[in-house]
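> Structure, please.
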Amino acid sequence: MKILVCISHVPDTTSKINFTENETKFDTNGVQFVINPYDEFSLTRAMWFKEKQGAKVTVVNVGDASTEPTLRKALAIGADEAIRVNTVPTDGFMVAKELAEVVKNGEYDLVLAGKESADYNGQMVPGMLASFLDFNFVNGCVGLEVEGSNVTLEREIDGGDEKVSSVLPMVVAGQKGIVEEKDLRIPNMRGIMMARKKPLNVIEPLGATAATSTKTFEKPAAKGAVKLVESVDELIDLLHNEAKAI
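From the prediction side, this is the model:
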């Protein structure tokens with residue numbers, strides 16, 4: 001089984017976020033980038049298929065050379081090889097188009113991704129990718145088993161979980177539950193050294209164009225001062241007349 005894991009290069013959630021050029025560009029100065037957490041859950045599940053079923057695991061990212069440390073970390077975790085599509089991602093449509101070309105050329109059986117990226121939270125790429133490929137698709141996956149070409153999945157829905165079955169090839173967008181946080185892997189020294197020798201292939205983009213553009217960014221409003229109350233009656237009065245919450 002050939003597995004392709006889509007990896008997003010995202011800011012660490014503890015990073016301080018700023019914008020430049022009149023709030024139109026993200027300021028990367030001082031920002032540490034990491035593997036998108038949702039993608040890391042899916043990558044860890046792919047490692048299970050590699051170890052238990054002998055699957056070959058490739059990771060892919062659409063980005064410039066600055067994303068290579070993130071791909072090297074994925075290789076240190078255990079992926080066999082990496083692909084970087086040499087272009088700056090501009091929107092989900094463009095990224096999905098570029099990834100679809102990689103899947104077609106690589107003839108992958110299973111494409112894994114996170115349900116969304118932790119920076120834009122768009123939840124667009126996996127679904128669009130499946131549409132471009134005409135692959136079956138399951139989003140919000142919290143359980144995944146593959147036997148031959150048959151796939152059993154569990155996905156999160158409102159009010160509970162749903163079990164479904166499908167067949168390869170397919171795209172699966174995972175989240176916490178496809179593996180648990182305790183199962184995530186920290187690269188050890190041996191893995192880091194081996195990652196330096198694994199292939200990281202840079203390919204030129206298809207030339208897909210973006211369907212949307214970003215006009216401006218705006219930070220959330222700062223939190224207001226805390227108001228202390230001395231009685232339940234005063235709290236109820238403030239919630240009713242000031243906050244209009246009740």
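> drop to CA atoms for contacts and neighbour counts, all remaining ones
Fine.
> What is the longest helix along the chain packed up against?
In the chain, with assignment by DSSP state H, the single longest helix is helix 37-53. For helix 37-53, the elements it packs on are strand 2-6, strand 56-63, strand 110-114, strand 170-174, judged by 3 or more CA pairs under 8 Å, 6 or more residues apart in numbering; DSSP states H and E.
> Need the CA coordinates for the second one. PDB is fine.
The C-alpha coordinates for strand 56-63 follow below in PDB (Å, rounded to 0.1, in the frame of the first residue of the first chain):
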ATOM      1  CA  LYS A  56       5.400   2.900   2.000                       C
ATOM      2  CA  VAL A  57       4.800   6.400   3.400                       C
ATOM      3  CA  THR A  58       5.500   9.600   1.500                       C
ATOM      4  CA  VAL A  59       4.900  13.100   2.900                       C
ATOM      5  CA  VAL A  60       4.200  16.100   0.700                       C
ATOM      6  CA  ASN A  61       4.000  19.800   1.200                       C
ATOM      7  CA  VAL A  62       3.200  22.700  -1.100                       C
ATOM      8  CA  GLY A  63       5.700  25.400  -0.100                       C
END
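> ok, residues contacting that strand?
By CA atoms under 8 Å, 6 or more residues apart in numbering, the residues outside strand 56-63 that reach it are 1-9, 46-47, 50, 67, 71, 74-75, 79-89, 95, 98-99.
> Buried residues in the helix or strand hosting Gly143, which are they?
Using DSSP states H and E, Gly143 falls within strand 136-147. Of the residues in strand 136-147, 137-144, 146 count as buried by neighbour count, 16 or more other CA atoms under 10 Å.
> from the middle of its chain, how far away would that strand be?
15 Å (CA atoms, centre = their mean, to the nearest Å).
> ok so, going back, would you mind putting the helices and strands packed on helix 37-53 into CSV with mean pLDDT, mean neighbour count and distance to Gly207 alongside?
CSV is the format used below for these (pLDDT from 0 to 100; neighbours: other CA atoms under 10 Å; distance: least, CA to CA, whole Å):
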stretch, mean pLDDT, mean neighbour count, distance to Gly207
strand 2-6, 98, 25, 19
strand 56-63, 98, 23, 12
strand 110-114, 98, 26, 21
strand 170-174, 98, 26, 23
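> what's near enough to touch the closest residue to Ser165 other than its chain neighbours?
Spatial nearest neighbour of Ser165, chain neighbours left out: Thr152 (4.5 Å); criterion: CA to CA, 6 or more residues apart in numbering. Residues in contact with Thr152 (CA under 8 Å, 6+ apart) are 143-146, 163-166.
> Only C-alpha atoms, please: export stretch 234-246 in PDB.
This file holds the C-alpha atoms of stretch 234-246, laid out as PDB (Å, rounded to 0.1, in the frame of the first residue of the first chain):
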ATOM      1  CA  GLU A 234     -25.200  41.900  41.200                       C
ATOM      2  CA  LEU A 235     -23.900  39.200  38.800                       C
ATOM      3  CA  ILE A 236     -27.400  38.500  37.500                       C
ATOM      4  CA  ASP A 237     -28.000  42.200  37.000                       C
ATOM      5  CA  LEU A 238     -24.800  42.700  35.000                       C
ATOM      6  CA  LEU A 239     -25.500  39.600  32.800                       C
ATOM      7  CA  HIS A 240     -29.000  40.800  32.200                       C
ATOM      8  CA  ASN A 241     -28.500  44.600  31.700                       C
ATOM      9  CA  GLU A 242     -24.900  45.000  30.600                       C
ATOM     10  CA  ALA A 243     -23.800  41.800  28.900                       C
ATOM     11  CA  LYS A 244     -27.300  41.000  27.600                       C
ATOM     12  CA  ALA A 245     -26.500  37.400  28.100                       C
ATOM     13  CA  ILE A 246     -29.700  36.400  29.800                       C
END
